[in-house]
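Undergrad: any chance you can model this:
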Amino acid sequence: MKISIKLIFLFFLLKSIVCNSDEYTKDIMQSSFITFNEKNYNKITFQNEIENTEISKKLLFIYTPGSLNDDRMDGICSTYNEFAYLSEIFYKLKNNFDYYFYLNCTNNIQGDMKIPNASNFPFPYQGISKHEKIRKSLKNLIDKFKNNGFKTENIFLIGHSCGAWHSLYLVSQNKDLVNSIIAFSPSCYGPRYLYFQRRGFLKHRKQDIKKISNSLSIPSLIFISPDDIRENHMTLKWLKKIKGVKIIKTIKKKNKEYYFENNLCVFHADENIKEFSILDGHNLHFSKCFNKYNDDIYNFIKLRVG
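TA: Residues are numbered from 1 along each chain as shown. Below you'll find the predicted structure:
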């Protein structure tokens, strides 16, 4: 007899939706489970509940996207093309692993002070900031998944930008919270050329780094671009000292753009819209060029599960 696991804590009602080929850049506004039906991300399916009789044996991947680095709510959660680099690897995973993939949207969260500009971010903060609320929300989400039957050793956190940074922070402060992390371009304090304007904001960054660095172990696979204008392999070199961290430095620019096997790395857009080349390594994973690292991701998951 199948048991329908209706995760009532998802506070949304979302019917099953299939992404068609003309919706590559369509906005995603709400959290949902995602199914990768084919290698191509134009066939991903969204649904709000899952059914399974052996939930304790399933893997669970929780993906937290990036967010604005100030205190305001984000306009959207994500876009379909954010999964261009994940579709092929997670379709492949279906051959060997039984899993669920959950998109954790944080776009409806804002800080108590609602500060519109990171340059005015105070230290200490009065109340609870947006980023602190996102971390608490992610921790609560993990706990609720566990209460519904998922095992700690079967839960993986995946994140991009602020989503990656918060995942690393959360695991550093909560031993044995999840199996491990896959982080893409961890960053949460904006471009480095604005640091001189954000002294209060940077004190929060410094505090985060100190707390994360004090962790005894963070099992993780972290992708860092040497050309990222936010955090690069130099500003994040302190991560190398933490046990369990594996860092992969992604491809460098060539003539101000990115190429893989002589192919230009571009944002995947609608069929009738020009595909713009990627100029910032922070977003390299939005391109299928990131398939270069599929084996690294697959082998990391296989090793951690095994």
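
Undergrad: C-alpha from now on. contacts and neighbour counts both.
TA: Will do.

Undergrad: which pLDDT value goes with residue 115?
TA: Looking at residue 115, its pLDDT reads 91.

Undergrad: next structured bit after the helix or strand of the chain with the lowest mean pLDDT?
TA: Scoring the helices and strands of the chain by mean pLDDT, DSSP states H and E places strand 17-18 at the bottom, with a mean of 42. Downstream of strand 17-18, the next assigned helix or strand under DSSP states H and E is strand 27-28.

Undergrad: now the element after that following strand, going C-ward?
TA: Criterion used, DSSP H and E; the element after strand 27-28 is strand 32-36.

Undergrad: quick one: mean pLDDT over that next one.
TA: For strand 32-36, the mean confidence score works out to 91.

Undergrad: distance from the chain centre to it, please.
TA: When C-alpha coordinates are averaged (CA atoms, centre = their mean, to the nearest Å), strand 32-36 and its chain have centres 14 Å apart.

Undergrad: next helix or strand past it?
TA: Using DSSP H and E, the first helix or strand after strand 32-36 is strand 44-47.

Undergrad: neighbouring strands - and their directions - for that following strand?
TA: strand 17-18 (antiparallel), strand 32-36 (antiparallel) (DSSP bridges).

Undergrad: in the stretch 201-306 of the chain, which spans are helices?
TA: Ranges of helices within the stretch 201-306 of the chain are 294-305, based on DSSP state H, counting those that start in this stretch.

Undergrad: my read: residue 28 touches residue 76, true?
TA: Yes. At 6.4 Å, residue 28 counts as touching residue 76 under the criterion of CA atoms under 8 Å.

Undergrad: just name the most buried of the strands paired with strand 44-47.
TA: Comparing those by mean neighbour count (mean count of other CA atoms under 10 Å), strand 32-36 ranks first with a mean of 21.

Undergrad: what sits up against that one?
TA: Here strand 32-36 makes contact (CA atoms under 8 Å, 6 or more residues apart in numbering) with 10, 14, 43-50, 87, 90-91, 100-104.

Undergrad: the stretch 51-200 of the chain: strands as residue ranges?
TA: Taking DSSP state E, counting those that start in this stretch, the strands of the stretch 51-200 of the chain run over residues 59-64, 78-79, 99-103, 155-160, 180-184.

Undergrad: tell me the angle the first one makes with helix 294-305.
TA: Right, strand 59-64. 120 degrees (axes from the mean of the first three to the mean of the last three CA atoms, to 10 degrees).

Undergrad: from here on, count from 653
TA: That works, and once the first residue is 653, the last one we named lands at strand 711-716.

Undergrad: packing partners of strand 711-716?
TA: strand 751-755, strand 807-812, helix 814-825 (3 or more CA pairs under 8 Å, 6 or more residues apart in numbering; DSSP states H and E).

Undergrad: in space, what's closest to residue 708 - neighbours in sequence excluded?
TA: Take residue 708 and drop its neighbours on the chain: the residue closest to it by CA to CA, 6 or more residues apart in numbering is residue 802, 4.9 Å away.

Undergrad: surely the one you found touches residue 714?
TA: No. Using CA under 8 Å, residue 802 is not in contact with residue 714; the gap is 11.9 Å.

Undergrad: could you flag which of the contacts of strand 684-688 are buried?
TA: 662, 695-701, 739, 742-743, 752-756 (16 or more other CA atoms under 10 Å).

Undergrad: residue 767: neighbouring residues, count only.
TA: Close neighbours of residue 767, defined as other CA atoms under 10 Å, add up to 17.

Undergrad: got the contact list for it?
TA: Contacts of residue 767 by CA under 8 Å, 6+ apart are 722, 723, 724, 773.

Undergrad: if we can go back for a sec, which of the buried ones among the contacts of strand 684-688 sit farthest apart?
TA: Farthest-apart pair in these is 662 and 743; separation 24.4 Å (CA to CA).

Undergrad: once you drop chain neighbours, what's closest to residue 912?
TA: Spatial nearest neighbour of residue 912, chain neighbours left out: residue 941 (5.8 Å); criterion: CA to CA, 6+ apart.

Undergrad: any idea how far residue 824 is from the one you found?
TA: To residue 824, residue 941 is 30 Å away according to CA to CA, to the nearest Å.

Undergrad: next one: residue 780
TA: 20 Å.

Undergrad: looking at the two, which has the bigger crowd around it?
TA: Neighbour count, other CA under 10 Å: between residue 780 and residue 824, residue 824 has more, with 22 against 13.
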